[in-house]
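>>> What follows is a predicted protein model with its sequence.
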Amino acid sequence: MMRPTLAEGAAAVILKLFNAIDAKDAGRFASFLSEDCRFRFGNLPELTGVAEVERFVAGFFESIHSVSHVIQESWDIPGGMVCHGQVTYVRRCGSSLTVPFCNVFRTSPAGITDYLIFADTSSLHLDSEMRNPPSGFSPRADLPSRAAGTGTEDS
């Protein structure tokens, strides 16, 4: 798979990146990353290296029915990109969670070197279906519960 070029600017790259995410295509997602990338999803531990990130993302995609993003704004910044919007996760049981997010990316000619996701998804996997998570994905069981009102739950 050919690595996407980051020279296109934030809006074009982010659109292609989030199309891969919303298609739950871990391989296409990973093609945006540098080999030694660092990845942090919320308050989960940081992952290092494209293979480890792709494995985690593939497991995460298996743990949900679907995901969709609405990008509200994106910016090119020196050495990277930033975007924010709303993300909706549909759980395997059919209920959904919609929360705001902000992603910060540091980039190099090799791809995204740092991928930081700021979103409160702590209630996404707190339901009974995560008693038997897909192989390769293990959300931290010790995440604190968040107060109501951080996102929109649809049961």
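Ah, there it is.
>>> residue ranges of the helices in the protein, please?
10-22, 26-30, 50-63 (DSSP state H).
>>> can you list the ones you listed in a markdown table and add mean pLDDT, distance to residue 99 and mean neighbour count?
Glycine gets a C-beta too; all of them are placed from N, C-alpha and C. Converted to a markdown table, these look like this (pLDDT from 0 to 100; distance: least, Cβ to Cβ, whole Å; neighbours: other Cβ atoms under 10 Å):
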| stretch | mean pLDDT | distance to residue 99 | mean neighbour count |
| --- | --- | --- | --- |
| helix 10-22 | 94 | 15 | 18 |
| helix 26-30 | 98 | 19 | 18 |
| helix 50-63 | 97 | 15 | 19 |
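>>> so what pLDDT did residue 126 get?
Looking at residue 126, its pLDDT is 76.
>>> How many residues are close by it?
14 (other Cβ atoms under 10 Å).
>>> So which of the helices of the chain is nearest residue 103?
With Cβ to Cβ as the criterion, residue 103 lies closest to helix 10-22 of the helices of the chain, at 8.1 Å.
>>> Now do that closest one against helix 50-63: the angle between them, please.
In terms of direction (axes from the mean of the first three to the mean of the last three Cα atoms, to 10 degrees), helix 10-22 departs from helix 50-63 by 60 degrees.
>>> Give me the contacts around helix 10-22.
Around helix 10-22, the neighbours that count as contacts under Cβ atoms under 8 Å, 6 or more residues apart in numbering are 4, 6, 28-29, 31-32, 66-69, 71, 74-76, 81-83.
>>> If we use 6 Å, what do you get?
4, 6, 28-29, 32, 67-69, 74-76, 81, 83 (Cβ atoms under 6 Å, 6 or more residues apart in numbering).
>>> what are the phi and psi angles of residue 31?
With angles defined as degrees, to the nearest 10, residue 31 sits at phi -70, psi -20.
>>> ok, now which ones touch residue 116?
Counted by Cβ under 6 Å, 6+ apart, residue 116 has contacts 40, 104.
>>> Now for the nearest residue to residue 65 once chain neighbours are set aside, how many residues are close by?
Distances taken as Cβ to Cβ, 6 or more residues apart in numbering place residue 90 nearest to residue 65, at 4.4 Å, with adjacent residues excluded. Neighbourhood size, residue 90 [other Cβ under 10 Å]: 16.
>>> Relative to residue 61, how far out is residue 90?
12 Å (Cβ to Cβ, to the nearest Å).
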